[in-house]
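A.B. asks: build me a structure from this.
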Amino acid sequence: MAKTKDKEVLEEVKEETKETTDQKDNTPKESTLYYFYSVGCGYCKKADPIIDELIAEGHDILKLDLAEPDNQGLKKELSDKYGKQCGTPWFIDGETGNQVCGFREKDIIEKWVNGEDIPAPPRPKSPPPRVPFLNASEEELNKWKEDYQNWTKENEHLPKIQTVEEILARPRPKSEPPRPPMGPNSKDEDLDEWGKKYDKWVKENDHLPNLQPASTIIDRIKSQRNSAQNNVGGNISPDLEARFQRIEQKLDKLVRHLGVR
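C.D. replies: Just a heads-up that it's a prediction; the model follows:
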């Protein structure tokens, strides 16, 4: 009888252990699907509604603002772990290292969420030749056409390459815009002096769409400069440094034509 009793107790212990194990196995795991973004990033603004849609559809994706130091640390940790570098937006599975760098449409991001390996989009073999300014000479224009046609032949693997006619049909600046003084040590008087030159350039190029006045750009630079100076030790966070770079990139776009330099 004692042996029978001991056997029953042993069976009960085994059953309780199994139930405890099952409960642990059913404990929801924290998502390892990370979407890193930064405020002011244009492509992040395009990606945000896509991520929100996927979350609403039941996909567990963590949205991580790189203004937060903890998120910056996690991004660096993942970059070091998997040997991958990307700005924002960055989509990465922290468990597998499967990533998408940069903005992609919803169908691509959904494939990433489901664990598919997403190949990087095709890249040009070299930068395209810079489009001549509006008042360029006939000689300059013909030289650019020749260089651009050679570039298109070398980059036939790229989708949606524009023709010479399509590029020249779009608005082009008459000259390159003046560069503003950037960085945490820029002075107000230097910015104001730049603003006068820039507003003059805007008037000369009033045929271009969506040009911002100097005051808007200066206010943004001052705000980010002051934020950088207020950081402990005067160090610039990666996010603020990226914002300075994005302002420079936006100015570069004034003298590009749909990505053609």
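A.B. asks: can you list contacts of stretch 92-107?
C.D. replies: Stretch 92-107 has contacts (Cβ atoms under 8 Å, 6 or more residues apart in numbering) with 32-34, 36, 43-44, 46-47, 50, 53-54, 74, 78, 81-82, 84, 86-87, 89-91, 108-109, 112, 115-118, 120-121. Using the backbone N, CA and C atoms, a C-beta is placed for each residue, glycine as well.
A.B. asks: for the strand or helix carrying Leu191, buried residues please.
C.D. replies: Here Leu191, judged by DSSP states H and E, is contained in helix 188-204. Buried residues in helix 188-204, defined by neighbour count with 16 or more other Cβ atoms under 10 Å: 191, 194-195, 198, 201-202.
A.B. asks: what sits up against it?
C.D. replies: By Cβ under 8 Å, 6+ apart, the list of residues contacting helix 188-204 from outside reads 174-175, 177-181, 211, 213-215, 217-218, 221-222.
A.B. asks: report the distance from that helix to the chain centre.
C.D. replies: Distance, stretch centre to chain centre, for helix 188-204: 29 Å (Cα atoms, centre = their mean, to the nearest Å).
A.B. asks: would you mind writing the CA trace of it as CSV?
C.D. replies: Taking Å, rounded to 0.1, in the frame of the first residue of the first chain, the C-alpha atoms of helix 188-204 are listed here in CSV:
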residue,chain,number,x,y,z
ASP,A,188,23.8,84.1,-34.8
GLU,A,189,25.4,86.9,-36.8
ASP,A,190,26.9,84.3,-39.3
LEU,A,191,23.5,82.7,-39.7
ASP,A,192,21.8,86.1,-40.3
GLU,A,193,24.5,87.0,-42.9
TRP,A,194,23.9,83.7,-44.6
GLY,A,195,20.1,84.3,-44.5
LYS,A,196,20.5,87.4,-46.6
LYS,A,197,22.5,85.6,-49.3
TYR,A,198,20.0,82.7,-49.2
ASP,A,199,16.9,84.9,-49.6
LYS,A,200,18.6,86.6,-52.6
TRP,A,201,19.2,83.1,-54.1
VAL,A,202,15.5,82.2,-53.5
LYS,A,203,14.4,85.3,-55.4
GLU,A,204,16.6,84.4,-58.3
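A.B. asks: which residues in the stretch 151-261 of the chain form helices?
C.D. replies: Listed from the start of the chain, the stretch 151-261 of the chain has helices (DSSP state H, counting those that start in this stretch) covering 164-168, 188-204, 214-229, 238-253.
A.B. asks: for the residue nearest the centre of the chain, give me its contacts.
C.D. replies: Closest to where the C-alpha atoms of the chain average out (Cα atoms, centre = their mean) is Thr88, at 2.8 Å. Taking Cβ under 8 Å, 6+ apart, we find Thr88 in contact with 36-38, 41, 43-44, 66, 242.
A.B. asks: select only the buried ones of those in PyMOL?
C.D. replies: Selection of the buried residues among those in PyMOL, burial being defined by 16+ other Cβ under 10 Å:
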select buried, resi 36+37+38+41+44+66+242
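A.B. asks: which two from the contacts of Thr88 end up farthest apart in space?
C.D. replies: Pairwise distances across these (Cβ to Cβ) peak at 13.4 Å, for the pair Tyr43 and Leu66.
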